[in-house]
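Trainee: Curious how this folds, go ahead:
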Amino acid sequence: MVLEACMVIIDNSEYMRNGDYTPSRYQAQLDTVEIIFRRKTNENPENVVGLMSNGGSSSLFLSNLTNDYGQILSGLHGSKIEGNGNDFINCIEIACLGLKNRLNKNQRQRIIIFIGSPINNNEDEILLLGRKLKKNNISIDIINFGEHENNLSKLDKFIEIVNNEEKSSHLLTIPQGPYLLYEQVDKSAILRNIDNDGNGNGNFGDNGGIGEFGDFGMDDPNMDPELALAIRLSLEEENSRKEREKSETMDESK
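Mentor: Reported below is the predicted structural model:
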C-alpha cells in the first residue's frame with residue numbers, strides 16, 4: 001500500500017459556472033473530490049488529503065492534510081466561485097509548502113489539480129516549475145477539462161518534464177461528453193493504481209466499477225451513475241469495516 005500525502009486543488013474561477021459538465025463545472029469537481037478522498041484513504045489508513053482552491057484573488061487552503069472527510073467537506077462548503085483564470089504556478093508552489101509540512105515525512109508527496117479555466121502563466125515558467133517538482137520528487141496529476149484545448153499544449157510539455165522513470169504523474173484531458181467527470185477520473189490512470197490489491201489483481205472493473213455490479217442487478221454501471229456511485233461507496237465502507245475487524249481480531253489473538 002502506498003503511503004501518501006495528497007493535496008487536491010479545485011478551480012473556483014468564474015469559468016466554473018459553465019454547465020457544459022453535469023451539473024456544472026464546479027459541482028462536477030466537488031463530486032470528484034469525494035471519490036479521490038475515498039480512494040486515497042481506503043488505500044492506506046495513514047494516507048492524508050488536503051484541499052486548496054485556485055481561481056480567486058489568491059490560492060487558499062480549504063483544509064489541512066487530514067483523513068477526516070468532514071474537514072474536507074467543511075472546506076468545500078467554505079469555497080465560492082470568484083476570479084478569472086488561474087495562477088497555475090502560484091497554487092502549485094503553495095501546495096508544495098503544504099506537503100512539506102506533513103507530519104509523516106515517509107509519505108510520498110502528490111498534487112491533484114483541476115484545471116477548468118485558462119492558465120495565465122507563460123510556458124517557460126511552467127516548465128521550470130516542472131523541473132522543480134521532479135527534483136523534489138513530487139508527483140502531480142492534472143485533470144484538464146472545460147478549457148482543455150487552450151491549456152493542452154502547455155500541460156503536455158509540463159507533464160513530460162515533471163515525470164520520472166515510474167511515470168507517476170498523469171495528465172487526464174476530459175472533453176465534454178455524456179459521462180460524469182468523476183466517472184472519467186475514477187477509471188483513469190490517476191486512480192487506477194489504487195484499484196490493485198497486493199497481488200496485482202484489480203478490485204475494479206475496466207468500466208471503473210467496484211466489485212460485481214451484477215450482484216446489485218446492474219450489468220452496466222454507466223446506465224445509472226448515481227446508483228453506481230452509491231454502491232461503490234457502500235462497498236468501500238464495508239471493506240474498510242472488515243479490515244478493521246480483521247485487525248482487531250489479530251490484536252486480540254496476540
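Trainee: Quick check: Asn104 touching Ala5?
Mentor: Yes - in this structure Asn104 lies within contact range of Ala5 using CB atoms under 8 Å: 7.3 Å. Backbone N, C-alpha and C define where each C-beta goes, glycine included.
Trainee: quick one: common contacting residues for these two?
Mentor: Contact criterion CB atoms under 8 Å, 6 or more residues apart in numbering; residues bridging Asn104 and Ala5 by contacting each: Val48.
Trainee: Please say which of the two ends up with more neighbours.
Mentor: Applying other CB atoms under 10 Å to Asn104 and Ala5 shows that Ala5 carries more neighbours, namely 25 against 12.
Trainee: And what about that one, helix, strand or coil?
Mentor: Three-state call for Ala5 (DSSP: H, G, I helix; E, B strand; the rest coil): strand.
Trainee: how about the strands in the stretch 1-150 of the chain?
Mentor: 4-11, 48-54, 60-66, 108-115, 138-145 (DSSP state E, counting those that start in this stretch).
Trainee: Which one of those strands lies nearest to Leu155?
Mentor: Smallest distance to Leu155 across those (CB to CB): 5.7 Å, for strand 138-145.
Trainee: Point out where the stretch 101-250 of the chain drops to low pLDDT.
Mentor: 193-232, 236, 240, 243-244, 246-250 (pLDDT under 70).
Trainee: can the strands of the stretch 1-150 of the chain go into CSV with extra columns for distance to Ser153?
Mentor: Listed next are the strands of the stretch 1-150 of the chain as CSV, based on distance: least, CB to CB, whole Å:
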stretch, distance to Ser153
strand 4-11, 18
strand 48-54, 20
strand 60-66, 28
strand 108-115, 13
strand 138-145, 11
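Trainee: between those, which one is nearest to Phe37?
Mentor: strand 48-54 (5.1 Å).
Trainee: mind listing the helices for this structure?
Mentor: 25-43, 69-77, 88-100, 123-135, 148-162, 181-186, 189-192, 225-253 (DSSP state H).
Trainee: what's in contact with stretch 64-73?
Mentor: Residues outside stretch 64-73 that contact it (CB under 8 Å, 6+ apart): 5, 7, 33-34, 37-38, 41, 45-51, 62-63, 98-99, 102-103.
Trainee: what do you get if the cut-off is 10 Å, keeping everything else the same?
Mentor: 5-8, 30, 33-34, 36-38, 40-41, 44-51, 62-63, 74-75, 98-99, 101-104, 107 (CB atoms under 10 Å, 6 or more residues apart in numbering).
Trainee: surely Glu166 meets Ser139?
Mentor: Yes - taking CB atoms under 10 Å as the definition, Glu166 is a contact partner of Ser139 at 8.5 Å.
Trainee: higher neighbour count, these two?
Mentor: Taking other CB under 10 Å, Glu166 and Ser139 do not tie; Ser139 has more neighbours (21 against 7).
Trainee: The more buried one contacts Ile111, correct?
Mentor: Yes - proximity of Ser139 to Ile111 meets the contact threshold set by CB under 10 Å, at 7.4 Å.
Trainee: I am finished for the moment; much appreciated.
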